[in-house]
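# can you look at this prediction? I've put the sequence above it.
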Amino acid sequence: MTRTVRAKAPAKVNLQLTVGPRRADGYHPLVTVFQALDLWEVVEATPRTDGEITLAVEVAAGSPVDAAGVPLDHTNLAWKAAELLARTFGITDGVDLRILKGVPTAGGMAGGSADAAAALVACAEAWDTGATRGELAAMAARLGADVPFSLHGHTAVGLGRGDELTPAMSHGEFHWVLATQTEGLSTPAVFQEFDRRLEAREQAASDFEVDGAIMRALMAGDAVALGQSLLNDLEGPALSLMPRLEEVLDAAEAAEACGAIVSGSGPTVAALARSRQHALAIAAHLRASKVADAVLTASGPASGTMLVQE
Ligand code: C5P
């Protein structure tokens, strides 16, 4: 009898994203602080005996996320995760994968990376590989720079490509409002724009270290201080590729968010609230000002990728 295994993986927001000059391998060295948010990608894995992989993508019930544009073939990161796991563990079975999207697509919140992390965990269990968390983390790093954090969750500092993780201390819960755009931004294109601007300036972007004010605000559970400290070197490049995001940042400021920032490579804007009620008020203001295609609320830090019951 075949059984379906489900895993869920969180979205992320970068509280700090400091980017260094492009390396020879095309990647950029990062100093980043990740916080996992309780918006989830769910991946269901049902083993097949014929060695084939299939993929279906749906939007999770009640979510305003748009699944259009998600590839349904071997280029999808969940599919690649299943292939890598099968190759690594000599699995000859196939799998039917079903993704239930709860994280904005191409939004700078690592939705695709969450699919890879959830697919690794679901397939490892469905195929009974006995893979350890360490083995899954090594495969995650091969799949993409943000996949290890999606597996890890909580709060972490990421160095290297963002995949060398150290857990970070954090106190309490932070409440976020996420303003998404239907039109995505391509991560490589935003990094290219970063390169172009850096060349024009002929200097390194910022101090290349973890920001002390962010770490202190996390440990104190202080949303006001955290909001004032958010930093993202990809924000300028994302704004120049999509200037209307400036209006989203302005609207968040008008709603008295503690701080607002483009999430990762964008175009989602993440606004930090003082409380859950404040998040709902900011969300209402952003909806009324019509600066985003969808507005969601979420809180963090959330856990890493885990198996879930039906
Ligand atoms: O690793 P991942 O496939 O998620 O990265 C997508 C793209 O983002 C890379 O191909 C690269 O262009 C860019 N990137 C980068 N430096 C990083 C992470 C990603 O330049 N540290």
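Looks like it came in fine.
# can you tell me which residue is nearest the centre of the protein?
The centre of the chain sits closest to residue 110, judged by C-alpha atoms, centre = their mean, with a distance of 2.5 Å.
# kindly state the beta-bridge partners for the spatially closest residue to residue 309 that is not a sequence neighbour.
Excluding the flanking residues, the one nearest residue 309 by C-beta to C-beta, 6 or more residues apart in numbering is residue 6, at 7.5 Å. (Each C-beta comes from the backbone N, C-alpha and C, glycine too.) Taking DSSP bridges as the rule, residue 6 bridges to residue 44, residue 308.
# next, count neighbours for residue 176.
Residue 176: 26 surrounding residues under other C-beta atoms under 10 Å.
# tell me which stretches of the stretch 1-150 of the chain form helices.
Ranges of helices in the stretch 1-150 of the chain, per DSSP state H, counting those that start in this stretch, are 77-89, 111-126, 133-143, 147-152.
# how about these in CSV, adding mean neighbour count, distance to the ligand and mean pLDDT?
As requested, the helices of the stretch 1-150 of the chain are arranged in CSV below (neighbours: other C-beta atoms under 10 Å; distance: least, C-beta to the nearest ligand atom, whole Å; pLDDT from 0 to 100):
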stretch, mean neighbour count, distance to the ligand, mean pLDDT
helix 77-89, 21, 8, 98
helix 111-126, 29, 6, 98
helix 133-143, 18, 8, 97
helix 147-152, 28, 7, 98
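# mind checking which of those helices is nearest residue 257?
Closest approach to residue 257 among these (C-beta to C-beta): helix 111-126, 22.5 Å.
# do you know how far the residue nearest to residue 309 is from residue 20?
Note on residue 6: its distance to residue 20, by C-beta to C-beta, to the nearest Å, is 38 Å.
# the more surrounded of those two?
Neighbours per residue (other C-beta under 10 Å) separate residue 6 from residue 20, with residue 6 holding more: 21 against 15.
# where's that one relative to the ligand, distance?
Using C-beta to the nearest ligand atom, to the nearest Å, we find residue 6 at a distance of 24 Å from the ligand.
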